[in-house]
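> I need the structure of the sequence given here:
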Amino acid sequence: MKHANRLLHWVAGLLLASAILALAVAVTLHFRPLYVRDVRAYDLSQATGMSEADILRQYDALIDCNSIGGAEQLEFPDLPSSPTGLIHFAEVKVIFLAFQWWAALGTALSVLLAALLRRQRPRRWLKYAGLVSLLFPAGVGFGVALMWDRVFVWFHELFFRNDYWLFSAETDPIILLLPDGYFMHCAVLIIALFLLGGGVCLGLYVLSRRKEKRREK
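Numbering: from 1, shown residues only. From the prediction side, this is the model:
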């Protein structure tokens, strides 16, 4: 019974950690101010000859297509796309939609398990979720800081079984509007949000431990 209870706490903790990760990805995907900042930081208007408003129209079309309830097929307002480029974006859409759906479903399941385990002390599932949400992104963040270019390639080799992500600006000019630094900043924001979620979980666990100790006195 004791081992089964510990396993249940681990399942609840891992479930919550995965929901936090999915939420971090979903928030980053829709955090438009980050892209606006990078448009100006990298002076994309000067580099591409497009106005900031036109650049943001292409970006909005891309994000809309990758959002739940958004456009079924990607079509940029002012830029052409190659067949392989559209295939890659379709594969990316599957990944982003999976994260968004899991953000909703994982959060709901975590709330349900939290309700089932609410009478159990200490709330170890919060500790487990916090540890995973701190240690995993810390490791990834270390890699991003030291060798971002290699991590970026590894990510694509892991999630894609083709080289369609190697865009040519001649056939897919959208790549000129998506500088490498923007993807790195997205990775940093995801890691930061993941760490924040882990910190909140550990903080709640510490509070529950303190309450439990006060009850025991």
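> without its sequence neighbours, what residue ends up closest to the residue nearest to the spatial centre of the chain?
With distances taken as C-alpha atoms, centre = their mean, V25 lies nearest the centre of the chain, 1.7 Å away. Take V25 and drop its neighbours on the chain: the residue closest to it by C-beta to C-beta, 6 or more residues apart in numbering is F99, 4.3 Å away. C-beta coordinates here come from the backbone N, C-alpha and C atoms, glycine included.
> what distance do you get for that neighbour to K93?
Distance check for F99 against K93: by C-beta to C-beta, to the nearest Å, it reads 11 Å.
> what of I87?
In terms of C-beta to C-beta, I87 sits 11 Å off from K93.
> who has more neighbours, the two?
K93 (19 against 15; other C-beta atoms under 10 Å).
> ok, the more buried one to A71 distance?
10 Å.
> what is in contact with those two at once?
C65 (C-beta atoms under 8 Å, 6 or more residues apart in numbering).
> so who does T48 touch?
Contacts of T48 (C-beta under 8 Å, 6+ apart): 55, 173, 176-177.
> try 7 Å
176-177 (C-beta atoms under 7 Å, 6 or more residues apart in numbering).
> backbone dihedrals for it, please?
With angles defined as degrees, to the nearest 10, T48 sits at phi -110, psi -20.
> same check, this time on the one 5 residues further on
A53 has phi and psi values of phi -60, psi -40 when expressed as degrees, to the nearest 10.
> could you pull out the helices for the protein?
Secondary structure of the chain (DSSP state H): helices at 2-29, 32-41, 44-48, 52-65, 83-116, 124-159, 180-216.
> which elements pack onto the longest one?
This points to helix 180-216. The contact analysis (3 or more C-beta pairs under 7 Å, 6 or more residues apart in numbering; DSSP states H and E) places helix 180-216 against helix 2-29, helix 32-41, helix 124-159.
> quick one: mean pLDDT for that helix?
Mean pLDDT, helix 180-216: 88.
> also stretch 5-17?
Here the average pLDDT along stretch 5-17 is 86.
> just stretch 110-129 next, same as before
Rounded mean pLDDT across stretch 110-129 is 81.
> tell me the buried residues in it?
110, 113, 117, 122-129 (16 or more other C-beta atoms under 10 Å).
> pull up the distance across that stretch, start to finish.
10 Å (C-alpha to C-alpha, to the nearest Å).
> picking that back up, compute the number of surrounding residues for the residue nearest to V25.
19.
> for R161, give its distance to I87.
11 Å.
> count the residues that sit near the closest residue to H30 other than its chain neighbours.
Distances taken as C-beta to C-beta, 6+ apart put I63 closest to H30, at 6.6 Å, once the chain neighbours are dropped. Neighbour count of I63, defined by other C-beta under 10 Å: 16.
> do the same with S133
Other residues within reach of S133, judged by other C-beta under 10 Å, total 28.
> go ahead and confirm it touches F194.
Yes - between S133 and F194 there is a contact under C-beta atoms under 7 Å: 5.6 Å.
> identify the contacts common to the two.
With C-beta under 7 Å, 6+ apart, S133 and F194 have common neighbours I20.
> what about I68, distance to V25?
13 Å.
> sorry, that was for D54
For D54, the distance to V25 - C-beta to C-beta - is 27 Å.
> for D180, same thing?
19 Å.
> repeat that for L131.
Applying C-beta to C-beta to L131 and V25 gives a distance of 20 Å.
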